[in-house]
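Visitor: Here's my sequence, what's the structure:
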Amino acid sequence: MSKESTDPIDRLLAERACERLIIDFVHRLDLGDPGSVAELFTHDGTWEWPHGNRRIVGREALREYFGSRPTDRLSRRLMTNILVSVTSATTATATSYLTTYRVDGFVDGIAPSRPPTNVGHYEDTFRKVDGLWLLAARTTHLAFGGDTQRLAPPSGS
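Guide: Below you'll find the predicted structure:
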């Protein structure tokens, strides 16, 4: 969709809705209910990580996948360089950079500083369904990555 053929306000609203999805995704993983991330996808939505040969298809499979994260995991994701391109009145794409800090074995307090677990970018495809923008596909590309470290149990445990 060319910028000339799109109402600027409609394009701006679509861009903002897609940006909001990108940010809502990480908030739900880090601060909310990880399984609810599935609600941000279309019913046939996909999440793919080519390097790990992971591909999750469909909202229920996504709910199970994201909901299965360890309950003692502490994570914080930073999202930057979010660039949304509206391609039609009902479709858009985006690229955004991610930095993930993550440890397992978290009990309480402040976790010791660690380098990021992952640094890379997402490539997203969005679709507007019944007036609501949703993720149709997300692909994760890591430039840097490592295993999630486990914190030592608190002394006296």
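Visitor: Who are the contact partners of the residue lying closest to Pro34 once chain neighbours are set aside?
Guide: For Pro34, ignoring the flanking residues on the chain, the nearest one in space by CB to CB, 6 or more residues apart in numbering is Phe66 at 4.6 Å. C-beta: built from backbone N, CA, C; applies to glycine. Each residue near Phe66 by CB atoms under 8 Å, 6 or more residues apart in numbering is listed here: 29, 34-35, 37-38.
Visitor: what do you get if the cut-off is 10 Å, keeping everything else the same?
Guide: Phe66 makes contacts with 25, 28-29, 33-38, 41, 47, 56, as judged by CB atoms under 10 Å, 6 or more residues apart in numbering.
Visitor: Name the nearest of the residues you listed relative to Ser96.
Guide: Phe25 (9.7 Å; CB to CB).
Visitor: can I assume that closest one is in contact with Leu135?
Guide: Yes - if you go by CB atoms under 10 Å, Phe25 and Leu135 touch, sitting 7.5 Å apart.
Visitor: Now list whatever residues contact both of the two.
Guide: Joint contacts of Phe25 and Leu135 (CB under 10 Å, 6+ apart) are 37, 40-41, 47, 122, 124.
Visitor: Now which of these would you call buried?
Guide: 37, 40-41, 47, 122, 124 (16 or more other CB atoms under 10 Å).
Visitor: What about those, which are in helices?
Guide: Using DSSP state H, no member of those sits in helices.
Visitor: The helix or strand bottoming out on mean pLDDT in the chain pairs with which strands, and in what direction?
Guide: The helix or strand of the chain with the poorest confidence is strand 149-150; it has a mean of 93 (mean pLDDT, DSSP states H and E). Here strand 149-150 has these sheet partners by DSSP bridges: strand 91-104 (parallel).
Visitor: Just the buried positions in the strand it pairs with, please.
Guide: 91-94, 96, 98, 100-104.
Visitor: Likewise for stretch 141-154?
Guide: For stretch 141-154, by 16+ other CB under 10 Å, it's 142, 148.
Visitor: coming back round to it: same list (the contacts of Phe66) but as JSON lines, adding pLDDT and distance to Pro154.
Guide: JSON lines is the format used below for the contacts of Phe66 (pLDDT from 0 to 100; distance: CB to CB, whole Å):
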{"residue": "Phe25", "pLDDT": "97", "distance to Pro154": "31"}
{"residue": "Arg28", "pLDDT": "97", "distance to Pro154": "28"}
{"residue": "Leu29", "pLDDT": "95", "distance to Pro154": "24"}
{"residue": "Asp33", "pLDDT": "93", "distance to Pro154": "26"}
{"residue": "Pro34", "pLDDT": "96", "distance to Pro154": "24"}
{"residue": "Gly35", "pLDDT": "95", "distance to Pro154": "27"}
{"residue": "Ser36", "pLDDT": "97", "distance to Pro154": "29"}
{"residue": "Val37", "pLDDT": "97", "distance to Pro154": "29"}
{"residue": "Ala38", "pLDDT": "98", "distance to Pro154": "33"}
{"residue": "Phe41", "pLDDT": "98", "distance to Pro154": "37"}
{"residue": "Trp47", "pLDDT": "97", "distance to Pro154": "34"}
{"residue": "Ile56", "pLDDT": "97", "distance to Pro154": "34"}
